[in-house]
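>>> sequence first, predicted model second:
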Amino acid sequence: MRILRNTLLTFFLFFNLVCSAAVVDTVVTYSAVMKRNIKAAVIVPDNYKSQKALPVVYLLHGYSDNYSGWLTKAKGFEKAVDQYNMIIVCPDGGFSSWYWDSPIDPNYQYETYVSTELVKWVDDNYKTIKDRKARGITGLSMGGHGALYLALKHQDVFGTAGSMSGGVDIRPFPNNWDMTKRLGKYSEQPERWEKNTVINLLHLLTPNSLALIIDCGTEDFFYKVNENLHEQLLYRNIPHDYLTRPGGHNWSYWYNAIQYQLLFMNNYFAKAK
């Protein structure tokens, strides 16, 4: 009888593990600053209805992508919401916003949208822990820049931040990825470029003000700027996790990297309770 009970218990646990699945909501949010509706994906655990309040990770996409990019190109990563009992929000950051409030294009005000309008909307519509200690942000490439940029500037909103293959210093790439459409030409607006690149915002940090994790492949064209960021953080005595391994600027690398990012943030949430 005891053997039968153990077998049934094992089967029950395995059945629950297999059958539990993240639930993906495609939602429409309104941006007052841009005066238009913007989509986002909100991923909640299978047992969300029985939960009281959960931590949230905002997961940003890269240049030329949209809110569905992570779900369509890194299928399976969303299972982490069940594993870690968290919510993941995938905002739409526009084709090439770089998550700035553009001083020259009123249709690209994504710093305000993501860090203020979207966070408030999610907190109003989902069962979230409304505290910076239960809120993280990360992303890939343009989204890696965006995650660190927003977290550094809004430490009252986010307690932990990460970057995967992030464009953490935009200055070596003055003609790339539509950045001139958001800031103007580097040669004509150098001050804008200098104050809107992540590596120049480290003065906003104090040790342990943000829990940081930075990841970049050694064959990535952003590897050198990530190395420079790491060195600057070390120089300023800012604790952070820094991961590198063979890999380029592609989805096979990011699918692996997101596992580390979400584990890191889950550990942060657990310690911050």
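Structure's in. What do you need?
>>> in the longest helix belonging to the chain, which residues are buried?
For the chain, the longest helix by residue count, based on DSSP state H, is helix 251-272. Residues of helix 251-272 classed as buried: 253-254, 256-258, 260-262, 264-266, 268-269, 272 (neighbour count, 16 or more other CB atoms under 10 Å). Any C-beta I mention is one placed from the backbone N, CA and C, and that applies to glycine too.
>>> stretch 212-221 now?
Neighbour-count burial for stretch 212-221, counted by 16+ other CB under 10 Å, picks out 212-217, 220-221.
>>> what do you get for stretch 125-134?
Residues of stretch 125-134 classed as buried by neighbour count (16+ other CB under 10 Å): 126, 128-129, 132-134.
>>> likewise for stretch 142-161?
By neighbour count on 16+ other CB under 10 Å, the buried set for stretch 142-161 is 142-155, 157-161.
>>> what is the least confident helix or strand in this structure?
Among the helical and strand segments of the chain, the one scoring lowest on mean pLDDT, DSSP states H and E is helix 2-19, with a mean of 43.
>>> convert the following helix or strand past that helix to CSV, retaining C-alpha atoms only.
Later in the chain than helix 2-19, the nearest helix or strand by DSSP states H and E is strand 23-31. Provided in CSV are the C-alpha atoms of strand 23-31 (Å, rounded to 0.1, in the frame of the first residue of the first chain):
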residue,chain,number,x,y,z
VAL,A,23,-0.7,31.9,-19.4
VAL,A,24,0.0,34.6,-22.0
ASP,A,25,-2.3,37.7,-22.2
THR,A,26,-2.0,40.1,-25.1
VAL,A,27,-3.1,43.4,-23.7
VAL,A,28,-3.7,46.8,-25.0
THR,A,29,-2.4,49.7,-22.9
TYR,A,30,-2.8,53.4,-23.5
SER,A,31,0.1,55.9,-23.5
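>>> and Asp215, helix, strand or coil?
strand (DSSP: H, G, I helix; E, B strand; the rest coil).
>>> beta partners of it?
Listed by DSSP bridges, the beta-bridge partners for Asp215 are Met164, Leu243.
>>> thinking it is in contact with Met164, fair?
Yes - counting by CB atoms under 8 Å, Met164 is a contact partner of Asp215 at 5.0 Å.
>>> common neighbours of those two, please.
Taking CB atoms under 8 Å, 6 or more residues apart in numbering as the contact criterion, the residues that touch both Asp215 and Met164 are 257, 261.
>>> helix, strand, or coil at Pro176?
Just so we're on the same page, residue 176 is Asn rather than Pro. Remark: Asn176 carries the secondary structure label coil [criterion: three-state DSSP].
>>> quick one: the helices in this structure, in order.
Counting by DSSP H, the chain has helices at residues 2-19, 69-73, 80-84, 110-112, 119-125, 142-153, 179-183, 190-195, 223-235, 251-272.
>>> any idea which of the ones you listed gets closest to Ser102?
Evaluated with CB to CB, the helices of the chain place helix 179-183 nearest to Ser102, the distance being 4.3 Å.
>>> tabulate the CA atom coordinates of the closest one in CSV.
What follows is helix 179-183, C-alpha atoms only, in CSV (Å, rounded to 0.1, in the frame of the first residue of the first chain):
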residue,chain,number,x,y,z
MET,A,179,19.6,56.3,-33.3
THR,A,180,20.0,59.5,-35.3
LYS,A,181,16.2,59.6,-35.7
ARG,A,182,15.7,59.6,-32.0
LEU,A,183,18.6,61.9,-30.9
